[in-house]
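Q: My questions are about this predicted structure, shown below with the sequence.
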Amino acid sequence: MKFQQALAEFPSKEASALDAYREVVKRLQSGTLNRASAALQIEYVIVPQWDKLCDSIGAPKLAENSQRADMQHGLTLYCDSRRRHFHLVSVALQTGDAQTEKEAAEALKRVQAQIEVIKRIAKNPSR
């Protein structure tokens, strides 16, 4: 898959993965899903879906001086940050460890910061 195609498909695939995550959180909060089951859903359903999405963004080779290289790099960092957040949430749900919960919250802050970087790149692609 070419980067342009992966970039065009990214928003809908990202939304699908994030909707699946939000649904797990919603079910957990409502009591219809326990912590262990939520952790398994995140680790074995959402993370693999996310990994596939991230691979589609990171795998295409761009020309060395491509104007798209900054966007690809930014999205790859975003994907990695989001993946780490998902993993830490899963571990925190499994263990109930307060330190891991804190790390998950910090990871989410990094995700949000990376989103801001991507927005800046999108506004000024030639940086």
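A: Received it, and whenever you're ready, just let me know what you need. Residues are numbered from 1 along each chain as shown.
Q: can we go C-alpha only for contacts and neighbour counts from here?
A: Fine.
Q: what comes up buried for stretch 99-113?
A: T100, E101, E103, A104, A107, L108, R110, V111 (16 or more other C-alpha atoms under 10 Å).
Q: Torsion angles phi and psi at the nearest residue to D51 once chain neighbours are set aside?
A: In space, D51 comes closest to R83 once its chain neighbours are excluded; the distance is 7.6 Å by C-alpha to C-alpha, 6 or more residues apart in numbering. Torsion angles at R83 (phi, psi; degrees, to the nearest 10) stand at phi -60, psi -50.
Q: Tell me which residues touch the most centrally placed residue in the chain, please.
A: The centre of the chain sits closest to R82, judged by C-alpha atoms, centre = their mean, with a distance of 3.1 Å. Neighbour list for R82: A107, L108, V111 [criterion: C-alpha atoms under 8 Å, 6 or more residues apart in numbering].
Q: pLDDT weak spots in the protein?
A: 1, 125-127 (pLDDT under 70).
Q: Which stretches in it count as strands?
A: Assigned by DSSP state E, the chain shows no strands.
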